[in-house]
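Q: Pasted the sequence and its predicted model underneath.
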Amino acid sequence: MGKNFYIIDGHWQIFRAYYAPFRDLRSPAGEPTRATYVFTTMLMKLIAARKPDYLAVSMDSGREHLERTRIYPEYKANRAEPPEDLKPQIDRITRIIRAMGIPLLQKKGAEADDIMATIVRRLAGDDVRVVMVSRDKDLEQLIGPAAVLFDPMKDEVIDETRLMEKKGYPPAQAVEIQSLCGDTSDNVPGVPGVGPKTAVKLIRQFGSAEGVIEHADELTPKLAENVRMHADTIALAKKLVTLVNDVDIETNLSNFAFSGIDADTVRPIFDELGF
């Protein structure tokens, strides 16, 4: 395998940092900094330990501009507004990322996952392994010979083999399984009575979500009824969970080359925050 391109799922890691079991922190001026500190520590540890050849951070844009919201207005509508003390920390984190010279990828109308899917499609191959720094299950569909997930909190790499060991399905079936059971975190509807275990069993047996619908008469009466009644829901869910891999972003590999942090650029920010 060639060089490694680490792309960080920005908002996913920021929220994880905010809710991490860590003491409350504030800057000398009283600014909340716990999420900022935890995220920055994760980032610097990743750089030191993993030594990325290429590095970027992918960020979400507002849900109101998403195609997924257009076709299903309830998409992610169950999510509360970010806590008040998190909003300024997101701004701080993005400033730190830029001060470190790390490209920050964000596109109106696209989610961070779609940007990561685009990076994988265009750049993953024999010369570059794309390492997606996240444990978001939506990204499992992108895992392949040259694309893996990496959980920095657990220091765990999820490749095709590991996904099969942990969850019992290959990346190619991730979308099919989510199409049946939905995703409560994103408010994506699923088939009543079908959780992850049942979905895995059905996809193993019938190969796809459409295959489950076609063979509904082979299911138990109640499950068959639910599948038939929610065939349109399955089709909608599949559209919502399938990542877009042609986002209009610049993906010239040389733009992501990483040779280290310019300490003189970030030190004033760290001094201000009391890090």
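A: Sure, I can see it.

Q: Strands along the stretch 1-150 of the chain, start to end?
A: Secondary structure of the stretch 1-150 of the chain, counting by DSSP state E, counting those that start in this stretch: strands at 3-9, 54-58, 104-105, 128-133, 147-151.

Q: mind putting those strands in a markdown table, mean neighbour count included?
A: The C-beta positions use only the backbone N, C-alpha and C, and glycine is treated the same way. A markdown table is the format used below for the strands of the stretch 1-150 of the chain (neighbours: other Cβ atoms under 10 Å):
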| stretch | mean neighbour count |
| --- | --- |
| strand 3-9 | 23 |
| strand 54-58 | 25 |
| strand 104-105 | 18 |
| strand 128-133 | 24 |
| strand 147-151 | 21 |
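
Q: domain assignment for this structure?
A: 3-167+243-269, 171-241 (automatic domain parsing).

Q: would you turn the strands of the stretch 1-150 of the chain into TSV with mean pLDDT?
A: Supplementary listing: the strands of the stretch 1-150 of the chain in TSV, determined by pLDDT from 0 to 100:
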stretch	mean pLDDT
strand 3-9	98
strand 54-58	98
strand 104-105	97
strand 128-133	98
strand 147-151	97
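
Q: gap between residue 256 and residue 123?
A: 9 Å (Cβ to Cβ, to the nearest Å).

Q: the helices in the stretch 151-275 of the chain, which residues?
A: Along the stretch 151-275 of the chain, counting by DSSP state H, counting those that start in this stretch, helices occupy 160-167, 174-181, 196-206, 209-214, 221-229, 231-241, 263-273.

Q: Give me the nearest residue to residue 134, chain neighbours excluded.
A: Spatial nearest neighbour of residue 134, chain neighbours left out: residue 9 (3.4 Å); criterion: Cβ to Cβ, 6 or more residues apart in numbering.

Q: contacting residues for that neighbour?
A: Shown in contact with residue 9 (Cβ atoms under 8 Å, 6 or more residues apart in numbering): 58, 112, 113, 116, 132, 133, 134, 136, 139.

Q: close enough to count as contact, residue 123 and residue 255?
A: No: look at residue 123 against residue 255 with Cβ atoms under 8 Å: they stay out of range, at 11.0 Å.
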